[in-house]
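S.K.: Output the structure for:
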Amino acid sequence: MTKTNDRRRNLRIALALTGLSVMLGACNTTGDVATTQTVPTDYRMRHPIAVQEAKRSIVIFVGKARGGLSTAQHADVMGIAQDWVREGTGSVVVDVPIDTTNSRAAAATYREIRGVLGSSGVPSRAIVQHSYRPEDPALLPTIRLSYSRIAAVAGPCGLWPEDMGPSILDPGHNENQPYFNLGCATQRNLAAMIDNPADLEQPRAETPAYTARRDIAFDRYRKGASTATTYPEADKAKLSDTGK
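M.R.: Okay, here's the model as predicted:
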């Protein structure tokens, strides 16, 4: 009788320990499920357009026997000055070569460049000169103009981390999902065409309304005159007369 009671007591203890271990195991579960990171299927998320600071620069070639800007170079310098006024975020840095065969001509050209930048709206305090010695004497030393600006960028493109064909290593392909590089060129071209990268983050404020024509119409309305616009009648031209 005693052995039977001992067996029952041992069985109850074993069952109690088993139940306690199950309860402790359940309490240890946090509910977090480990998942593997996957590539987004939306190309706008896979290749996002980012707003970053970039460089805008031009190069001016200067010969050793001539100082000053040519007509085309004058237009280039004026163009970068106008772009700086619109989008520049820092100084216009002018790199001028020294201790070269064309260093004297480059110094004269720099003085003219500084004058063109100033007349195009770049203040003198925003023009910074840097002197440099070329590393390769075989190359013609040039004057470089550069400034920082805000630009929209995307990419890099041309990345193929996985095979485009069916593969056991790429189950996503079998699920008819887009390949990684899809949409990258579209995003990169769109970023290059954006005039103001701030438009990606917020809409532009409204500009003041043009009231000149509206004031004329209101003045005629107050006087009781017709507010209609009278256009001069032009001779009706024929399509066949275009080449004449």
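S.K.: Now do the helices in the chain.
M.R.: With DSSP state H as the criterion, the chain has helices at 2-27, 43-46, 71-87, 103-119, 171-174, 184-193, 212-223.
S.K.: ranking those helices by mean pLDDT, which is last?
M.R.: Between the helices of the chain, the lowest average pLDDT goes to helix 171-174, which shows a mean of 56.
S.K.: does Ala107 really touch Val96, like I thought?
M.R.: Yes. Because the distance of 6.7 Å satisfies C-beta atoms under 8 Å, Ala107 is recorded as touching Val96. C-beta coordinates here come from the backbone N, C-alpha and C atoms, glycine included.
S.K.: neighbour count winner among these two?
M.R.: Neighbours of Ala107 and Val96, each counted by other C-beta atoms under 10 Å, are more numerous for Val96; the result is 21 against 17.
S.K.: Tell me how far that one lies from Arg66.
M.R.: Relative to Arg66, Val96 is positioned 15 Å away (criterion: C-beta to C-beta, to the nearest Å).
S.K.: what about Val116, how many residues close to it?
M.R.: The number of residues packed near Val116 is 18, by other C-beta under 10 Å.
S.K.: OK, contacts around the closest residue to it other than its chain neighbours?
M.R.: Nearest residue to Val116, sequence neighbours excluded (C-beta to C-beta, 6 or more residues apart in numbering): Val77, at 4.6 Å. Contacts here follow C-beta atoms under 8 Å, 6 or more residues apart in numbering; on that basis Val77 touches Ile58, Ile60, Leu69, Ile113, Val116, Leu117, Ser120, Leu145.
S.K.: give the contact list for the fifth one.
M.R.: Which is Val116. Applying C-beta under 8 Å, 6+ apart, one finds that Val116 lies in contact with Leu69, His74, Val77, Met78, Ala81.
S.K.: Surely the first one is in contact with Ile113?
M.R.: Yes. With contact taken as C-beta under 8 Å, Leu69 and Ile113 are classed as touching, separated by 6.9 Å.
S.K.: can you list residues touching both of those two?
M.R.: Ile60, Val77.
S.K.: which one of these two has more residues nearby?
M.R.: Comparing Leu69 with Ile113 by other C-beta under 10 Å, the one with more neighbours is Ile113, at 27 against 21.
S.K.: Now do the contacts for the more buried one.
M.R.: With contacts taken as C-beta under 8 Å, 6+ apart, Ile113 has the following neighbours: Ile60, Leu69, Val77, Val94, Ile143, Leu145.
S.K.: do the same with Met78
M.R.: If you count contacts by C-beta under 8 Å, 6+ apart, Met78 has them with Val116, Ser120.
S.K.: rerun at 10 Å
M.R.: Contact criterion C-beta atoms under 10 Å, 6 or more residues apart in numbering gives Leu69, Val116, Leu117, Ser119, Ser120, Gly121 as the residues in contact with Met78.
S.K.: what's the burial count for the closest residue to Ile150 other than its chain neighbours?
M.R.: Nearest residue to Ile150 in three dimensions, chain neighbours excluded: Pro197, at 5.2 Å (C-beta to C-beta, 6+ apart). Number of residues near Pro197 (other C-beta under 10 Å) recorded here: 19.
S.K.: what residue is smack in the middle of this structure?
M.R.: Central residue check for the chain by C-alpha atoms, centre = their mean: the C-alpha nearest the mean position is that of Ala152, 1.0 Å away.
S.K.: hang on, isn't that residue packed against Leu190?
M.R.: Yes. A contact is recorded between Ala152 and Leu190 when judged using C-beta atoms under 10 Å, the distance being 8.1 Å.
S.K.: related to what we said a few turns ago, the residue nearest to Ile150 and Asp136: what is the separation?
M.R.: Here the distance between Pro197 and Asp136 works out to 35 Å (C-beta to C-beta).
S.K.: One more: Val51?
M.R.: Note on Val51: its distance to Asp136, by C-beta to C-beta, is 35 Å.
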